[in-house]
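**Student:** The sequence and its predicted three-dimensional model are supplied below.
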Amino acid sequence: MTNKTDLIENRLMEKRTEDGIDCSVARGIAEELDVSYGEVGDAANRLNIKIRNCELGCF
């Protein structure tokens, strides 16, 4: 069974571009997986994925 961290990391890897991932996409991942924005931000940091165009200062 895949744990929540793996799901977040997999979704980030699917959605990332060479420039990173947009804030709106990161927030969408959090809402889709019913996790906090912070959990998505932490996973992005672990994967060295930059979150761009931050709209709310969440990341």
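**Tutor:** Arrived safely. Numbers count the residues shown, from 1 in each chain.
**Student:** mind showing which ranges of the chain have poor pLDDT?
**Tutor:** 1-2, 56-59 (pLDDT under 70).
**Student:** Can you identify each of the strands in it by residue range?
**Tutor:** Assigned by DSSP state E, the chain shows strands spanning 21-22, 51-52.
**Student:** Nearest to Ser36, out of the ones you listed?
**Tutor:** Nearest of the strands of the chain to Ser36, taken as C-beta to C-beta: strand 51-52 at 14.2 Å. Placement of C-beta: from N, CA and C, glycine included.
**Student:** Show me what the closest one is packed up against.
**Tutor:** The contact analysis (3 or more C-beta pairs under 8 Å, 6 or more residues apart in numbering; DSSP states H and E) places strand 51-52 against strand 21-22, helix 23-33.
**Student:** buried sites along the last one?
**Tutor:** The reference is to helix 23-33. Residues of helix 23-33 classed as buried under the neighbour-count rule (16 or more other C-beta atoms under 10 Å) are 23, 25-27, 29-30.
**Student:** Let's have the residues you listed in a markdown table, adding distance to Lys4.
**Tutor:** Listed next are those as a markdown table, based on distance: C-beta to C-beta, whole Å:
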| residue | distance to Lys4 |
| --- | --- |
| Cys23 | 21 |
| Val25 | 18 |
| Ala26 | 15 |
| Arg27 | 17 |
| Ile29 | 12 |
| Ala30 | 11 |
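**Student:** okay, now the residue lying closest to Ile29 once chain neighbours are set aside: neighbour count?
**Tutor:** Sequence neighbours aside, Arg11 is the residue nearest to Ile29 in space, at 4.9 Å (criterion: C-beta to C-beta, 6 or more residues apart in numbering). When neighbours are counted by other C-beta atoms under 10 Å, Arg11 registers 20.
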